[in-house]
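Student: Sequence and computational prediction follow.
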Amino acid sequence: MCLFSVSLFAFVALLQTIKPAILQKNLRYLYPHKMTYVQNGAILNERFKIDNYVGDWNGERLFYAKDLQVDKPVILKAFDLEDPRINAHIELFKECGGMQGIPTFVDHFTTLGSEFIGWDILLLFRFSMIFAVHSHTGIRLQSILNNCLFHISKENTIRIGYRLFRIIQSMHLKGFLHRDIRPLTIMCNVGENGELCVNLSYFGHAARIDTPPLNNPIFLQLFHSLNVTRGGTYTRIDDYLSIVFVMLTCQTVNPFHFNTNRHLTVLEKKENFHANPYGVLTPETMWLGDLYLQLEEMRTDRITHLQVMAAVRRAIPGFDPQSAITYRYDAENGHLLIN
């Protein structure tokens, strides 16, 4: 019997050990049954013209589109109608949309048997579908890091982190957690005044701060804290810690990357970092180890945003983290580099 057949039988046997109801519930959101095809050029809700299909993540389909009413780009995201995340998306954008660093809420609607939500960067839709729409501008920080060979100056790293902390605090004050901050969910774009703006672009895991622990997914992303990786309740501290890990990545420090200590699991890498963060840090990033430990200590006390911002300001004495991010931008080909 060939190896493929043996593997197939083993997989089928594994599926038989999973309760059918649980399997059906999970697959419903990962692979919605009514996945309607949306053709490039199609116009939804007599307003949004589909440019192209971007991808499918965590049961969400993402499209780039144009808002024909204002001739501006938007993102459309589609969910299965029974996906419980839809309400959280609508609530978040109604409460937070348009704040600094967060896309502007445009619309939500149901079409093609699905409900859609819209804002000026993101559009949610589900098949039998909900669509949400928000604005779409900028370049992902991950792409910028790739082009910069994963190194950004200490000054610009501080500026980026400072802006992200402010965005997250605004979300927290409105009662929401982001829960998925990483270079792929951070966008950078040149504003009308010529300054580089930092924004969050993906809210697929966002939830109310008071979301019951049983509804918190177990994250295994490299940019999540040890607490979250262990399956602990996601708190405001964990959003802050994700930003610390993003800042480390900007400084070419990647203690959890799969190419770092490949014999260890992600959980083991995070346990080692938690026990001694300074062991993997460079002289330029020691202050981030201080900030990491300070944030972890706040778990047992009360998080103080002002203390976090003060720690960022101390990284370079006399430096203003609110100063403009320095960059090079080629508007013709959209090539953006952060110094």
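Tutor: Great, that's in hand. Residues are numbered from 1 along each chain as shown.

Student: Could I get the phi/psi values of residue 204?
Tutor: The phi and psi values for residue 204, taken as degrees, to the nearest 10, are phi -70, psi -20.

Student: show me the contacts for it.
Tutor: Contact analysis of residue 204 by C-beta atoms under 8 Å, 6 or more residues apart in numbering lists 57, 58, 60, 77, 85, 180. No exception for glycine: its C-beta is placed from N, CA and C like everyone else's.

Student: Buried residues in the helix or strand where the fourth one lies, which are they?
Tutor: With secondary structure defined by DSSP states H and E, residue 77 is part of strand 72-79. Neighbour-count burial for strand 72-79, with 16 or more other C-beta atoms under 10 Å as criterion, is recorded at 74, 75, 76, 77, 78, 79.

Student: Mind naming the longest helix for the chain?
Tutor: Secondary structure of the chain per DSSP state H: the longest helix is helix 154-173.

Student: what distance separates that one from the middle of the whole chain?
Tutor: 14 Å (C-alpha atoms, centre = their mean, to the nearest Å).

Student: So, low pLDDT: which residues of this protein?
Tutor: 1-37, 58, 111-136, 214-218 (pLDDT under 70).

Student: returning to what we had before: now, the most widely separated pair of the contacts of residue 204?
Tutor: 77 and 180 (13.7 Å; C-beta to C-beta).

Student: Now residue 279, what are its backbone angles?
Tutor: Dihedral angles for residue 279 - degrees, to the nearest 10 - are phi -60, psi -20.

Student: on that earlier part again, sort out which one of the buried residues of strand 72-79 lies nearest residue 286 for me.
Tutor: Distance to residue 286 across the buried residues of strand 72-79 (C-beta to C-beta) is lowest for residue 75, with 38.4 Å.

Student: quick one: strands adjacent to the lengthiest strand in the chain?
Tutor: Looking across the chain with DSSP state E, the single longest strand is strand 48-57. Partners of strand 48-57 in the sheet, by DSSP bridges, are strand 43-44 (antiparallel), strand 60-67 (antiparallel).

Student: re the thing from before, tilt between the strand holding residue 77 and strand 48-57?
Tutor: 50 degrees (axes from the mean of the first three to the mean of the last three C-alpha atoms, to 10 degrees).

Student: Can you name the residues that contact residue 319?
Tutor: 155, 158, 313.

Student: Compute the distance between the nearest residue to residue 139 once chain neighbours are set aside and residue 59, please.
Tutor: Leaving aside its chain neighbours, residue 139 sits nearest to residue 336 (5.0 Å; criterion: C-beta to C-beta, 6 or more residues apart in numbering). Separation of residue 336 from residue 59 (C-beta to C-beta, to the nearest Å): 31 Å.

Student: for residue 73, same thing?
Tutor: Taking C-beta to C-beta, one finds residue 73 at 24 Å from residue 59.

Student: Check residue 330 too.
Tutor: 36 Å.

Student: quick check, nearest of the contacts of residue 319 to residue 169?
Tutor: Distances from residue 169 to the contacts of residue 319, taken by C-beta to C-beta, are shortest for residue 313, at 15.0 Å.

Student: And the closest one, which helix or strand is it part of?
Tutor: Using DSSP H and E, residue 313 maps to helix 305-314.

Student: which helices and strands does that helix pack with?
Tutor: helix 154-173, helix 286-297 (3 or more C-beta pairs under 8 Å, 6 or more residues apart in numbering; DSSP states H and E).

Student: how many degrees apart are it and helix 286-297 in direction?
Tutor: 170 degrees.

Student: So what's the residue count around the closest residue in space to residue 330 that isn't next to it in sequence?
Tutor: Excluding its sequence neighbours, the residue lying closest to residue 330 (C-beta to C-beta, 6+ apart) is residue 336, at 7.7 Å. Neighbour count of residue 336, defined by other C-beta atoms under 10 Å: 22.

Student: got the phi/psi numbers for residue 336?
Tutor: phi -120, psi 130.

Student: what sits against it?
Tutor: 139, 144, 147, 188, 190, 327, 328, 329, 330 are the contacts of residue 336 under C-beta under 8 Å, 6+ apart.

Student: where's it relative to residue 75, distance?
Tutor: Counting by C-beta to C-beta - residue 336 and residue 75 are separated by 19 Å.

Student: hmm, who's touching stretch 282-298?
Tutor: By C-beta under 8 Å, 6+ apart, stretch 282-298 touches 154, 237, 240-241, 244, 247-248, 251, 253, 274, 277-278, 281, 303-304, 307-308, 311-312, 314-315.

Student: More neighbours: residue 330 and residue 59, which one.
Tutor: Remark: of residue 330 and residue 59, residue 59 carries more neighbours, 20 against 9, as counted by other C-beta under 10 Å.

Student: Hmm, that one is touching residue 80, no?
Tutor: Yes: judged on C-beta atoms under 8 Å, residue 59 makes contact with residue 80 at a distance of 6.7 Å.

Student: Identify the bridge partners of residue 48.
Tutor: Assigned bridge partners for residue 48, using DSSP bridges, are residue 44, residue 67.
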